[in-house]
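Asks: What follows is a predicted structure for the sequence shown.
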Amino acid sequence: MTLPQVASAVAASLLTYLPGAADAQKGIDRDVCSRGKPQAAITSCTYIINSKEPDDIRAMALRNRGSLFLSNGDLDRAIEDYTSVLKLSPSETKMNAKTYLNRGLAYANKGDESRALADYNEAVALDGTLSSAYLNRATIFLNRGEDDHALGDLDEVVLLSPDDATSYVNRGVIYLHRGDPDRAISDFSIATGLNPRDATAWRNRSFAYRTKGDNVRAAADAEQAIRLDPKMAAAHQDLALIMQATGDTRSATEEFAKAIELNPRDAKALVTRGDGYLARGDRDHAISEYSQAIAIDAKVAAAYINRGVAYLGNSDWDRAIADFTAVIALGPANQVAAYLNRGQALKAKGDTDGAMADFEQVIRLKPNSSDALRHLGFLKQAKGDSRAAAADYAQAIALTPMDAEARRGHGYAELSLGNYDAAISDLTQAITLNPQDALAYRFRGLAYAGKHDTQRATSDEQASRRLH
C-alpha cells in the first residue's frame, strides 16, 4: 500500500522592476527580463547582469535569470545565479530568503538534499513567514524518515496559510506516515471543506479510511476523487483495492485495468494487481503481472518477492530461488523475507544445508523470527539431531505460542528422544490448535504406543487415517 506524498511548492517567481527615469533601452531590457518570454527574458537579464547597472538592478536580473534557469531545468546555472545574487546583495533579508528557498529547490531537484536543507534553514531564519520554505523542508524531513520534524514544519504551514486546503492535505499525509489515520482524516476533511474540488484531498481521505478498515467511506471518497479527476490513476487503484478487499474481484480487475491504462509505467500498480491474482490462487496471471512490473522497474522488491512466492506455489524451485536472490542483492530492506522464502525453496528442493544457512541468516537479522526457528527445527530433526530440533521448536513456541506446526514439531522431537509424556502434551496442544492435523494424531499415537497405551494409540492412528 503506497502512502500519498507531500506536494513540494516551487517558490521561484520573476521580479518586476519599473524603470522610472532610465533610458528607453534599459527600460525595455528590464521589462523583458521581468515579463518576457523565457529565452528573450534570459537574454535581457544577461545584458543587465553584464552592464554597469546599479547593484539592485543587477540583483533583480540575477534572481530572475536564476528562476528562468530553474524553470527550464538548468539547475547548475540557476544555482550559480542565486549564489551570485546572495553575494551581491547580502543585506536584502526578505529577498534573500526567497533566493535561498529557490536555490534549495534547485539543489533538491539535483538530489542534493543536504545543501537543499541548509538553504531552507537559511530561508526560514531570514523570513519566518515563508510557508513554502517550511513545506519544502518538510518534504526533505519526510524523505529522511524524520516525521516529527516534518510535522512541525507543516504545523507552521497551516498556521501561516489556514485557508489553504493544500496545507491540510500535506499535514494529513504526515499523519498517515505516522500511523494516525484519525488525525489524517480530520485534516483531509478540513481540506475538502475549504476546496471541495480538490481530488487529492478526497483520494487521501479514502486511503485513510481504508487503513481503518472503513471500506464504505473509503469507496465513497475514492469515487468522488475519480468524479473530480477521472484520470487520477491512484484513485482507481485505491478503489480496486477496496473492491478486492470486499470480494468484488470483477470490479477490482476493471479498476486495476483503468489505473494501469492511465499510468502504464506504474510498476507498483502492476504488483498490486498481481497480488490480487495471487490471493485468488491464480499464480500464472500473478507471475505475468509481476514480470511486467520488473520489466518497468527492476528495483521493485515486492515484485520479485511475490513472484517468487507464486513460483513456490507452482513448485518451480529454481525460479523462486532466483527471485529471492535478486531481492537480497537489492539491499537490506527486504532481506529477512527474501532469506526466509529462499530457505523454504531450498528446503523444498532438498538442499538442507543451503536452507539451514538461509534460516540462520534470518535469525541473525531478526532474532525473534519464529518461522525461521520452526524451519530450523524441522531440518535439524531431518538430520537426526532431535535435541537441537527440540531447542529450536521451543524458542519458536515461546515467541508464538499458538503455532500449531511448532507444537507438532516439538512433540515429534520429544517423541524421538523417548520423552513420551512431553510428546503427548505438545501433540495434544497441536491438535487443539488444528484439529485437522493428521500428522499430530499419528505422532501422538506413536507416543501412546511407546507408553503401551494401545487403546489411545489405535484411536489416534484411526483419526490420522481419516484425515489423510
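Replies: Structure's in. What do you need?
Asks: ok, and the helix or strand in the chain with the lowest average confidence?
Replies: Ranking every helix and strand in the chain by mean pLDDT, DSSP states H and E puts helix 24-35 at the bottom, with a mean of 66.
Asks: Quick check: what element follows that one along the chain?
Replies: Moving toward the C-terminus from helix 24-35, the next helix or strand (DSSP states H and E) is helix 38-49.
Asks: mind listing what's buried in that following helix?
Replies: Using 16 or more other C-beta atoms under 10 Å as the test for burial, helix 38-49 gives 41-42, 44-45, 47-49. (Glycine included, C-beta is placed from N, CA and C.)
Asks: Likewise for stretch 347-363?
Replies: The neighbour-count check on stretch 347-363 (16+ other C-beta under 10 Å) flags 347, 351, 354-356, 358-359, 361-363 as buried.
Asks: same deal with stretch 116-124?
Replies: 116-117, 119-120, 122-124.
Asks: so of those, which ones are in helices?
Replies: Members of the buried residues of stretch 116-124 lying in helices (criterion: DSSP state H): 116-117, 119-120, 122-124.
Asks: that older thread, can I get the buried residues of stretch 116-124 in a markdown table with pLDDT?
Replies: Converted to a markdown table, the buried residues of stretch 116-124 look like this (pLDDT from 0 to 100):
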| residue | pLDDT |
| --- | --- |
| Ala116 | 95 |
| Leu117 | 96 |
| Asp119 | 96 |
| Tyr120 | 96 |
| Glu122 | 96 |
| Ala123 | 95 |
| Val124 | 95 |
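Asks: Closest to Ser186 out of those?
Replies: Ser186 lies nearest to Val124 out of those, by C-beta to C-beta, at 26.0 Å.
Asks: Quick check: which element contains the closest residue to the closest one other than its chain neighbours?
Replies: Nearest residue to Val124, sequence neighbours excluded (C-beta to C-beta, 6 or more residues apart in numbering): Ala133, at 5.0 Å. Ala133 belongs to helix 131-143 when assigned by DSSP H and E.
Asks: Moving C-terminal from that helix, which element do we reach first?
Replies: helix 147-160.
Asks: Please save the CA atoms from the helix or strand hosting Ala269 in PDB.
Replies: Ala269 belongs to helix 267-279 when assigned by DSSP H and E. C-alpha atoms of helix 267-279 as PDB (Å, rounded to 0.1, in the frame of the first residue of the first chain):
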ATOM      1  CA  ALA A 267       5.200  -0.800 -11.600                       C
ATOM      2  CA  LYS A 268       3.600  -0.700  -8.200                       C
ATOM      3  CA  ALA A 269       0.100  -0.800  -9.700                       C
ATOM      4  CA  LEU A 270       1.000  -4.000 -11.600                       C
ATOM      5  CA  VAL A 271       2.400  -5.500  -8.400                       C
ATOM      6  CA  THR A 272      -0.900  -4.700  -6.600                       C
ATOM      7  CA  ARG A 273      -2.900  -6.300  -9.400                       C
ATOM      8  CA  GLY A 274      -0.600  -9.300  -9.300                       C
ATOM      9  CA  ASP A 275      -1.300  -9.500  -5.500                       C
ATOM     10  CA  GLY A 276      -5.000  -9.800  -6.200                       C
ATOM     11  CA  TYR A 277      -4.400 -12.700  -8.600                       C
ATOM     12  CA  LEU A 278      -2.100 -14.400  -6.200                       C
ATOM     13  CA  ALA A 279      -4.600 -14.100  -3.300                       C
END
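Asks: got the contact list for that helix?
Replies: Residues outside helix 267-279 that contact it (C-beta atoms under 8 Å, 6 or more residues apart in numbering) are 2, 233, 237, 240-241, 244, 249, 252-253, 256, 259-260, 263, 283, 285-290, 292-294, 296-297, 300, 302-303, 306-307, 309-310.
Asks: residue ranges of the helices in the stretch 51-200 of the chain, please?
Replies: For the stretch 51-200 of the chain, the helices defined by DSSP state H, counting those that start in this stretch occupy 55-72, 75-88, 93-109, 113-126, 131-143, 147-160, 165-177, 181-194, 199-211.
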